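Chemist: Predicted model and sequence below, questions to follow.
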Amino acid sequence: MKRYLLTWYGITDLRASLNLERGHGPVLGALLADQYTDVIVLGYSNPKNARDNTLNLQQDLQKIQDTDFASQRKFIDRYANSPEAHLHFTHWLKEKLTETSKDVHVQFKAVALRRLNDTEGIYEAATRTLGAVVAEDGKKLVTLYLSPGTPVMAFVWAFAALRHPQLKKRLIAASQPGKPPEEVILPNEWMEWHGKQVNPPGINNNQYDVIFHLFGEQRMPSLLGMIQFSANEHIFVNSSQYPAKVMKQFLGKAKYGEILVDPFNPEDVRSRILNAISKMANGTKIGFNLTGGTKLMYAGALAACRKVNATPFYFNSQNNQLIYLNDFKSAITNLIPSVKLFIKLNGNNLSISNFGRWEDIPGIDTAKRKDLTYELWNARYKISRLYRDLLNYNNEFKPFEIKGRDIFTKLSKDGKANVSIGSKHYDFENWPDFAKYLCGGWFEEYAFMELKPLLDSGLIKDMHIGLQVAFQEKPQDQGSQNLADQLKSQIGQTYQELDIVFTDGRRLYIVECKSGVLKGVYIRKLESITRYFGGQEGHGILAYSKPSRSGIVHQKAREGHNISLVEGCDLQSSVKSMLGKN
């Protein structure tokens, strides 16, 4: 009898083949841990990399063998999903099997997808591959490997197998790196479910009695499910490491439920969900949001979903689509309308203390102040020479008079502010924090005004300037209270001020405005803040008024996760381009 292993290969496998990762990688590890006669490896091919004639993997590999992790990651980003990487991995896999006396016939199939999580393309490749195996003569056992590749690639194997209920097959997954994969134990009827949903004609497809949400480190998938669908009860399936109580604030009138599971034991997930369903009334309409959690949580929840003929769905954040996993029909995900929802979702025990509304800032919307802001952009090199002196007056009201080359600023005891730039003069009756504006606040206002047309056109849904996040007076638990008290004593009540923050309804964008010297540390700080408040899909923009003479800042921006470095005058066009890609 032939024994097949069908699998995708991913970044960890590629790193292992390049000697940049400890161990064998998932694919080779699975082949060494069991007896197979054949392996069919699918590899995503990025069309962009296929057209790049400058790629030379072996030559570039020698250059980065002893370099730091950032250089190696850049190399991986360049070569992943390319024909050169596929060829290298295939040769390496065959050599390792030969070295270990494993007689396995290796087939590699490059799969051209429109994007990494092109569900329809992935499904077509999986069903075509499995169909070819089924068509071969003789007895066979087919093993479908869930671990390598993306979660979408993992769950599509299960749906491809539905087309061949008589085929002898099994699922395996590796719960811990370096250990052999284990068989995913699911009930026998998991292959007998053919998409029959408890969804009679005339019933609202966006209305459920109960929705189960797989909940993990990323909270956005659960929020998307709550925004997309209406339900009388939301039940979160999670581990003790990631409690789901934070989602209570989005329930409205719906009930809250939580099921604690072992995230690496699919049978535990399946049985606990089914136990909860057994206590519900007959005919309860149930939905399963399978986007979050681990792959093995997904496997267990999917088995429970099949058992009760419920409706499974998945949110693909890469192309903002909701995908129904019973028939692979898709819909556009609903928008997240406000910045406030992102902060509430990811802010833990923090709350918004100052919403940063443009219209609430005294005098900001006057024509004279706007003219001054744009004039300071033109004179940005002149005003930056005064920053050192202005900093002495930045945090409290004190009169000052500072003169530079072709620029003069003054704040009187009565709060009157004056500034002269060349032949242009500006006078204001009452501006006590004038020094703060001159020290860089002007650039934040300039950036906001540059982005305002995108807000007016609807590309940006919600935008704030100087939004402040502070500690809650009474956190939900004593541990959070103690931590909050410690941090307050160190940094004060305000935890973080965001220069500019906005959303396009899909993800959170945080703009950090720097009108002085650019430093690499700004990139790391922005990356951390963006991940904290925006989650995995958040995007940080470091806006600058003067370009850096050092290439380090630009290098760190390229290495950063979802970070863009943009000159102030290019903000509108750059952000418009970003939003157009989403």
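Modeler: Yep, it's here. Numbering: from 1, shown residues only.

Chemist: Which parts of the stretch 351-500 of the chain are strands?
Modeler: Ranges of strands in the stretch 351-500 of the chain, per DSSP state E, counting those that start in this stretch, are 400-404, 407-411, 417-421, 424-428, 462-471, 494-503.

Chemist: Buried residues of the last one, list them for me.
Modeler: So that's strand 494-503. Burial within strand 494-503, assessed by neighbour count using 16 or more other C-beta atoms under 10 Å, is assigned to Y495, Q496, L498, D499, I500, V501, F502, T503. In short, each C-beta sits where N, CA and C put it, glycine included.

Chemist: Contacts for that strand, please.
Modeler: Residues outside strand 494-503 that contact it (C-beta atoms under 8 Å, 6 or more residues apart in numbering) are 336-339, 342, 350, 353-354, 356, 444, 447-448, 451, 455, 460-471, 487, 508-513, 529, 533.

Chemist: If you compare the directions of it and strand 462-471, what angle comes out?
Modeler: 160 degrees (axes from the mean of the first three to the mean of the last three C-alpha atoms, to 10 degrees).

Chemist: so how far is strand 494-503 from its chain's centroid?
Modeler: Centroid separation for strand 494-503 versus its chain: 19 Å, with C-alpha atoms, centre = their mean, to the nearest Å.

Chemist: per-domain residue ranges of this structure.
Modeler: Split into domains by automatic domain parsing, the chain comes to 2-184, 207-334, 350-357+439-581.

Chemist: Save these as JSON lines, and put in distance to L386 and mean pLDDT too.
Modeler: Below are those laid out as JSON lines (distance: least, C-beta to C-beta, whole Å; pLDDT from 0 to 100):
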{"stretch": "domain 2-184", "distance to L386": "36", "mean pLDDT": "86"}
{"stretch": "domain 207-334", "distance to L386": "43", "mean pLDDT": "93"}
{"stretch": "domain 350-357+439-581", "distance to L386": "9", "mean pLDDT": "84"}
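
Chemist: returning to that earlier point: out of the buried residues of strand 494-503, which is nearest to K140?
Modeler: The closest of the buried residues of strand 494-503 to K140 turns out to be T503 (C-beta to C-beta; 50.5 Å).

Chemist: follow-up on the earlier one: give me whichever of the domains of the chain is most buried.
Modeler: domain 207-334 (a mean of 19; mean count of other C-beta atoms under 10 Å).

Chemist: F236 belongs to a helix?
Modeler: No. F236 is assigned strand when assessed by DSSP: H, G, I helix; E, B strand; the rest coil, not a helix.

Chemist: L130 contacts F159, doesn't it?
Modeler: No. Contact criterion C-beta atoms under 8 Å: L130 and F159 do not qualify, at 10.3 Å.

Chemist: Alpha carbons of stretch 500-508, in CSV - could you do that?
Modeler: Only the C-alpha atoms of stretch 500-508 are listed here, as CSV (Å, rounded to 0.1, in the frame of the first residue of the first chain):
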residue,chain,number,x,y,z
ILE,A,500,-2.2,61.4,14.8
VAL,A,501,-4.3,58.3,14.7
PHE,A,502,-6.9,57.2,12.2
THR,A,503,-8.6,54.2,10.7
ASP,A,504,-9.9,53.4,7.2
GLY,A,505,-12.4,51.0,8.8
ARG,A,506,-10.1,48.0,8.3
ARG,A,507,-7.0,48.7,10.5
LEU,A,508,-5.5,51.3,12.8
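
Chemist: Would you verify that Q62 is located in a strand?
Modeler: No. Counting by three-state DSSP, Q62 is not found in a strand; it is helix.

Chemist: L18 versus that one, what's the distance?
Modeler: Distance of Q62 to L18, given as C-beta to C-beta, to the nearest Å: 11 Å.

Chemist: And P151, by the same measure?
Modeler: According to C-beta to C-beta, P151 stands 24 Å off from L18.

Chemist: just the strands in the stretch 201-350 of the chain please.
Modeler: So, for the stretch 201-350 of the chain - with DSSP E, counting those that start in this stretch - the strands run 207-214, 230-238, 255-260, 286-289, 311-316, 321-324, 330-332, 350-354.

Chemist: Relative to K74, tell me which of those wins on proximity.
Modeler: strand 311-316 (26.2 Å).

Chemist: ok, and what's touching the closest one?
Modeler: Outside strand 311-316, the residues that touch it by C-beta under 8 Å, 6+ apart are 117, 119, 152, 155, 197-199, 208, 221, 224-225, 228, 286-291, 302, 305, 321-326, 333.

Chemist: Could you give the separation of that strand from the chain centroid?
Modeler: 17 Å.

Chemist: can you pull the alpha-carbon coordinates of that strand into CSV?
Modeler: This file holds the C-alpha atoms of strand 311-316, laid out as CSV (Å, rounded to 0.1, in the frame of the first residue of the first chain):
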residue,chain,number,x,y,z
THR,A,311,-22.1,27.4,9.8
PRO,A,312,-18.3,28.0,9.9
PHE,A,313,-16.6,31.2,8.6
TYR,A,314,-13.2,32.8,8.5
PHE,A,315,-12.0,36.4,8.2
ASN,A,316,-9.2,37.0,5.8
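
Chemist: Can you check what angle separates it from strand 207-214?
Modeler: Relative orientation of strand 311-316 versus strand 207-214 (the same axes, to 10 degrees): 60 degrees.

Chemist: Give the partner strands of strand 311-316 in its sheet and their orientations.
Modeler: Neighbouring strands of strand 311-316 in its sheet, by DSSP bridges, are strand 286-289 (parallel), strand 321-324 (antiparallel).

Chemist: Save the ones you listed as TSV, and put in distance to L57 too.
Modeler: Output for the strands paired with strand 311-316, formatted as TSV (distance: least, C-beta to C-beta, whole Å):
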stretch	distance to L57
strand 286-289	39
strand 321-324	33
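
Chemist: What segments of the stretch 201-350 of the chain are helices?
Modeler: Per DSSP state H, counting those that start in this stretch, the stretch 201-350 of the chain carries helices over the ranges 220-228, 266-278, 295-307, 339-346.

Chemist: now do the stretch 1-150 of the chain
Modeler: Going by DSSP H, counting those that start in this stretch, the stretch 1-150 of the chain shows helices at 11-17, 26-33, 47-50, 57-64, 69-79, 83-99, 119-135.

Chemist: packing partners for the first one?
Modeler: Read it as helix 11-17. helix 26-33, helix 69-79, helix 83-99 (3 or more C-beta pairs under 8 Å, 6 or more residues apart in numbering; DSSP states H and E).
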